[in-house]
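Following is a predicted model, sequence given first.
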Amino acid sequence: MPTCTCERILENEDEENHECQLKLPAENESFQYDSAVRYRDGSVRLRNPNIELMDQDILYHLALGSGSHDLVEMFGDVKFVCMGGTPKRMEQFANYIMKEIGHKIPAGTTLLDISQYSYRYSMYKVGPVLSISHGMGIPSVGILLHEVIKLMYHAKVKDPVFFRIGTCGGIGIEGGTVVISEEAVDGMLNSYLELPVLGQLVRRPAKLDRQLARDLKALAHRDDPYDTVIGKTMCTYDFYEGQARLDGAFCEFSENEKMDYLTKIHKAGVVNIEMESLSFAALTHHAGIQSAVVCVTLLDRLKGDQVLAPKEVLDEWQIRPQQLIARYITRYLQRRGRLSLEGHGSISKKAT
Ligand code: R2B
Ligand code: URA
């Protein structure tokens, strides 16, 4: 049976005229340049006039700086920024994507954690892909995003695409399901991030790129032994009470009240709950950066609160969002004949 480049199996004759729906970042018409966030060559422009007036910008939590490092040399070729919760998972993703895109490093060497001396986040670079841990929760991912967006600016990166690869609780879907977020909402079902700034609440829409989400969905294989779905993602400030769990140190609601709430948000289109998407969507959208969130469910919250699956099963499930993102990245590079990249990437300190 013929297959399209978007990996759809074409089942009947008519479909031979099928037009590939997979749009790679540069071809995505829904994405329009905004001069507030892009220079004419597509490189990232900051919505902060202060930064270009500074002698140097220290990206403190990344252990990098515009004065101390040649950020254009180190990161100028980045296209994809992939983020996930833990340093180990993002090291694994870096090694996995290295194989998938055929990126070579000298024999006997291993990938280096570029941000190891920050003791906060881990960062690995594999050709055009950055793999970075963001820790848990909105504050942690928010700090990281400020610095990574500034890194994109200092490095003159053109049209980067950001992915969050994570874990979550599902609602009405079984453990091991891959969820692509269509938008992020908070615990009140509001689709914006609210942040107190100078004593005022600032709201930023938590929008994700819908076309990118559809493109990722098109890359789900029919023979994947799990489902890949699109839906709304609820992002909370807490794992226990904030996610309607009965098993925290405190619980002041009944099981019926919990089930009523989960049923209500499910009816509103929420299919999963996690803890970073609101900030991830809001800050990337504000920066004019295309982004997507892909998480695997660790349990169905309509059936329980505790994560009971054995470690080996959880480890296997956590690879699933990585596989989908790897398919997207390899197709992008394939189309540009850039499946094996050399050149940039070594630590490059400026002479003092
Ligand atoms: C998913 O898993 C973590 C909580 O266990 C949190 O970072 C999230 O979003
Ligand atoms: N991560 C969450 O935030 N919630 C879950 O239920 C599982 C993983």
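All right, it came through fine. Ligands and ions are numbered 1, 2, ... in the order given.

Now do the helices in the stretch 51-200 of the chain.
71-75, 87-101, 138-154 (DSSP state H, counting those that start in this stretch).

Spell out which residues of the stretch 201-350 of the chain are next to ligand 2.
Residues of the stretch 201-350 of the chain lying close to ligand 2 (Cβ under 6 Å from any ligand atom) are 239, 243, 273-275, 298. Where you see a C-beta, it was placed from the backbone N, CA and C, and this is true even at glycine.

Now stretch 44-59 - C-alpha only, CSV.
Coordinates of each C-alpha in stretch 44-59 appear next as CSV, following Å, rounded to 0.1, in the frame of the first residue of the first chain:
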residue,chain,number,x,y,z
VAL,A,44,14.6,35.9,17.3
ARG,A,45,14.0,39.5,18.5
LEU,A,46,13.4,40.1,22.2
ARG,A,47,10.4,42.0,23.5
ASN,A,48,12.9,43.7,26.0
PRO,A,49,14.9,46.7,24.9
ASN,A,50,17.1,46.5,28.0
ILE,A,51,19.0,43.4,26.9
GLU,A,52,20.8,44.9,23.9
LEU,A,53,21.9,47.8,26.0
MET,A,54,23.7,45.5,28.5
ASP,A,55,27.5,44.9,28.1
GLN,A,56,26.9,41.3,28.7
ASP,A,57,23.9,39.0,29.6
ILE,A,58,24.6,36.3,32.1
LEU,A,59,22.3,33.3,31.6
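
got JSON lines for the residues of the stretch 201-350 of the chain next to ligand 2, with neighbour count, pLDDT and distance to ligand 1 too?
Supplementary listing: these in JSON lines, determined by neighbours: other Cβ atoms under 10 Å; pLDDT from 0 to 100; distance: Cβ to the nearest ligand atom, whole Å:
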{"residue": "Phe239", "neighbour count": "16", "pLDDT": "98", "distance to ligand 1": "5"}
{"residue": "Gln243", "neighbour count": "22", "pLDDT": "99", "distance to ligand 1": "9"}
{"residue": "Ile273", "neighbour count": "26", "pLDDT": "99", "distance to ligand 1": "8"}
{"residue": "Glu274", "neighbour count": "28", "pLDDT": "99", "distance to ligand 1": "3"}
{"residue": "Met275", "neighbour count": "24", "pLDDT": "98", "distance to ligand 1": "3"}
{"residue": "Leu298", "neighbour count": "23", "pLDDT": "98", "distance to ligand 1": "8"}
